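Novice: Dropping a prediction and its sequence here:
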Amino acid sequence: MCGIVGYTGKKQAQQFLLEGLAALEYRGYDSAGLEVLSPDGELHGVKCSGRVATLAERCKTANLVGTQGIAHTRWATHGAPTDRNAHPHLDCTGRIAIVHNGIIENFQEIRSYLRQHGHTIATDTDTEVIAHLIEDAWAGPAKGDLVAATRNALARLRGSWALAVECADAPGEIVVARQGSPVVVASTPDGAYAASDAMPLAGVTKHVISLEDGQLARLSADGSVQVYDADGLPNDHPMTLDIDFDASAATLGGYSDFMAKEISEQPEAIERLLKGRLTEHGIELDELSMTKEELASIDRVYLVACGTSYHVCLIARELIERWAKIQAVCEYASELNYKEPMITDHTLCVIVTQSGETADTLTAAKRMRAMGCKVFAITNVLGSTAARESDGTMYVQAGPEVCVASTKAYTAQIVAASLMTLRLAYANGSMDTGEIQRRYHDLEQLPDLIREVLSRRWQDKKVAKAFRKAHSALFLGRGVNSTTAYEGALKLKEISYLHAEAYPAGEMKHGPIALLEPGFPVVAIVPADHVHDKTVSNIQEVQARGAHCIAVATDGDVEVAQQCEDTLWIPPVPEEELVPVVAIVHLQMLARYVALERGCDVDKPRNLAKSVTVE
Ligand code: AGP
């Protein structure tokens, strides 16, 4: 949830620290801070509630000089987002500073211990205790060795962490550690770097070391990095990752916001994902890492995720059941973790996670694996924890998604799930090569269909005005497009703060219809599919109550257009199961325009963070 960066080297630290935080701000943005070791041998810092831009403004007057520092952008868990609770946190001497992403579960107990032993606790955070534990270790058993002092402190903690530590008495050194929260480090001729993910480092290197749970790293001012395993022994072959995107991929590139940019990148993302997947033997999906026999024997698929990625699972369930004729079960990861899943000897668990770091999803994957399931991850982030802790991983290659609201990862993940389903269908004989090829060519049409919807964005801009006075909205859809309704409502809620509910259209009369009154916005997804006429009946029920109906309909559907106040048109889609990939683009753009009308920051909605690394 929080973002951390660190640097020690030849250059002034402040610029990288601020730029690094800006690149990680999608992880949390309620407060920010940095601490630089100055040539006078003292730590000097600035921290404040609010955005990284506010911190950068304060830094202009603070004039922090020094070639080493650590910094943090926060999504508050323990303690309000105030200046005082912003990281970095210091020990009693003010000579040890720490930034942390994660949760220290036993912080209360450690805090009491520290108070009894004369420490002064200055903040409400769980993190601060780590600085004091390192202070004790530094003054005691580990004197002179920051790695040993950090390890000593970490041994007393329960919970999760990615952290960076610096000590005024160990100049030229930063210690980084990981347990459950991601962190990468990099060695360059200019110095050594640390960051929560590779995004801030894309401009300085093409390769990073991705720390594994239990590992620590010592970053030195000469640019070297030494990794240590959980047992304290040096590890000279840590896991390295190539950065698979250009530094410019995470910049606005002329767009007014990342959401606009990422919505418009969907066609290319899907093209990249599909490229080279069709062979004469069907779909190429070696990432599944299973033999043909193993694939053919799969008799149940558990689909597990959170939020928008869960909506991918709902669509994947339809695809798997319709195309591969395998029973599929969808579970919110946060729910599955407290249930007894009904797995068979041949159950495949598929986790879907854009970031690859969602704590609930990772816990669920671990549990399913421990129960004997093969776990396959669909993710967007190379080397993410989901990829490491699964038996196979498919990268959707959508490129960095910076806007907190997921758009291009959503559609790319659906296409990835479609490819996986075709692979399963071929393996178990539900589809022959000809059928696979036909479905694949249907998938290939999606990028152009999305381009067509993108060119119709003026329709969404116009319709957004219908939400000006709204205090709530209802989204309806049937079959696979009930999920389009869920995802459309989620997008609207998360970026415009307008309450929105979504239901399968047939469920409306069992309760939600009570909400309807003149002018109430109802978005009905009613493409040309086998449930079209049923949804039209629901639209009539909406009209009879004077609500304002906005249809998402297929070109030429005059009947629907006549019955609704507004229509968002989609071109005909070759398979009805693939309509969600096209229709959602309108609802993404609609949500964005409504949010802009309401003066909201579409990229950084309040209270949210992109990577939810706490359960
Ligand atoms: C999507 O717009 C949301 N920000 C959120 O629901 C997100 O999809 C969810 O937190 C899961 O994230 P993941 O895909 O990275 O696991």
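Specialist: Ah, there it is.
Novice: Any idea which residue of the protein lies closest to the ligand?
Specialist: Relative to the ligand, the nearest point of the chain is residue 307 (1.9 Å; C-beta to the nearest ligand atom). Glycine gets a C-beta too; all of them are placed from N, C-alpha and C.
Novice: Quick one: name the residues of the protein near the ligand.
Specialist: 306-309, 353-355, 358, 361, 404-406, 494, 612 (C-beta under 6 Å from any ligand atom).
Novice: Residue 434 - how many residues pack around it?
Specialist: The local packing of residue 434 (other C-beta atoms under 10 Å) involves 8 other residues.
Novice: which residues touch the closest residue to residue 3 other than its chain neighbours?
Specialist: Among residues not flanking residue 3 along the chain, residue 24 sits closest, at 2.9 Å (C-beta to C-beta, 6 or more residues apart in numbering). By C-beta atoms under 8 Å, 6 or more residues apart in numbering, the residues touching residue 24 are 3, 4, 5, 73, 195, 196, 197, 199, 200.
Novice: The third one looks like it's in a strand, true?
Specialist: Translated: residue 5. Yes: counting by DSSP: H, G, I helix; E, B strand; the rest coil, residue 5 is part of a strand.
Novice: Who does it form a beta bridge with?
Specialist: With DSSP bridges as the criterion, residue 5 is bridged to residue 71, residue 195.
Novice: So for it, what pLDDT did the model give?
Specialist: What the model reports for residue 5 is a pLDDT of 97.
Novice: Touching, it and residue 199? I think so.
Specialist: No: using C-beta atoms under 8 Å as the test, residue 5 is too far from residue 199 to be in contact (10.1 Å).
Novice: Comparing the two, which shows the higher neighbour count?
Specialist: Counted by other C-beta under 10 Å, residue 5 and residue 199 do not tie: residue 5 has more neighbours, with 29 against 24.
Novice: so how far is the lowest-mean-pLDDT helix or strand in the chain from its chain's centroid?
Specialist: Least confident helix or strand of the chain, by mean pLDDT, DSSP states H and E, is strand 282-283 with a mean of 86. Chain-centre distance of strand 282-283: 29 Å, with C-alpha atoms, centre = their mean, to the nearest Å.
Novice: contacts for it?
Specialist: Outside strand 282-283, the residues within contact range by C-beta under 8 Å, 6+ apart are 277, 419, 422, 423, 426, 433, 436, 440.
Novice: Stretch 545-562 too?
Specialist: Residues outside stretch 545-562 that contact it (C-beta under 8 Å, 6+ apart): 463, 466, 474, 484, 513, 516-528, 536, 539, 542-543, 563-573, 583, 586-587.
Novice: Just the buried ones from those residues?
Specialist: Among those, those scoring as buried are 463, 466, 474, 484, 513, 516, 520-528, 536, 539, 542-543, 563-571, 573, 583, 586-587 (criterion: 16 or more other C-beta atoms under 10 Å).
Novice: so what's the backbone phi/psi at the residue of the chain closest to the ligand?
Specialist: Dihedral angles of residue 307 (phi, psi; degrees, to the nearest 10) stand at phi 60, psi -130.
Novice: mind listing what it touches?
Specialist: Per C-beta under 8 Å, 6+ apart, neighbours of residue 307: 406, 490, 612.
Novice: got those residues as a markdown table, with neighbour count, secondary structure and pLDDT columns?
Specialist: Formatted as a markdown table, the contacts of residue 307 follow (neighbours: other C-beta atoms under 10 Å; DSSP: H, G, I helix; E, B strand; the rest coil; pLDDT from 0 to 100):
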| residue | neighbour count | secondary structure | pLDDT |
| --- | --- | --- | --- |
| 406 | 28 | coil | 97 |
| 490 | 22 | helix | 98 |
| 612 | 20 | coil | 77 |
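Novice: Any chance of CSV for these, columns distance to residue 602?
Specialist: CSV is the format used below for these (distance: C-beta to C-beta, whole Å):
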residue, distance to residue 602
406, 13
490, 14
612, 19
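Novice: so which of those would you say is closest to residue 147?
Specialist: Taking C-beta to C-beta as the measure, residue 147 lies nearest residue 612 of these, at 29.9 Å.
Novice: Which residues are in contact with that closest one?
Specialist: Per C-beta under 8 Å, 6+ apart, neighbours of residue 612: 1, 306, 307, 355, 358, 359, 360.
Novice: The nearest residue to the fourth one once chain neighbours are set aside: neighbour count?
Specialist: The one in question is residue 355. Nearest non-adjacent residue to residue 355, counting by C-beta to C-beta, 6+ apart: residue 611, 4.3 Å away. For residue 611, the count of nearby residues is 27 (other C-beta under 10 Å).
Novice: Spell out the secondary structure type for residue 611.
Specialist: Secondary structure for residue 611, judged by three-state DSSP, is coil.
Novice: quick one on the thing from earlier: tell me the most packed of the contacts of residue 612, by neighbour count.
Specialist: residue 358 (30 neighbours).
Novice: Which residue lies nearest the spatial centre of the chain?
Specialist: residue 355 (3.7 Å; C-alpha atoms, centre = their mean).
Novice: So that one is in contact with residue 378, correct?
Specialist: No: with contact defined as C-beta under 8 Å, residue 355 does not reach residue 378; the gap is 12.0 Å.
Novice: Which of the helices or strands spans residue 174?
Specialist: Here residue 174 sits within strand 173-179, counting by DSSP states H and E.
Novice: Adjacent strands (with direction) for that strand?
Specialist: According to DSSP bridges, strand 173-179 forms sheet pairs with strand 159-167 (antiparallel), strand 216-220 (antiparallel).
Novice: Return the set of buried residues in that strand.
Specialist: Residues 173, 174, 175, 176, 177, 178, 179 are the ones in strand 173-179 that count as buried (16+ other C-beta under 10 Å).
Novice: what sits up against the helix or strand following that strand?
Specialist: Sequence-wise, the next helix or strand downstream of strand 173-179 (DSSP H and E) is strand 184-188. With contacts defined as C-beta under 8 Å, 6+ apart, strand 184-188 is touched by 9, 176, 192-198, 201, 204-205, 207-211, 217, 219, 223-225, 227, 241.
Novice: Which members of those are positioned in helices?
Specialist: In helices, judged by DSSP state H, none of the contacts of strand 184-188 are found.
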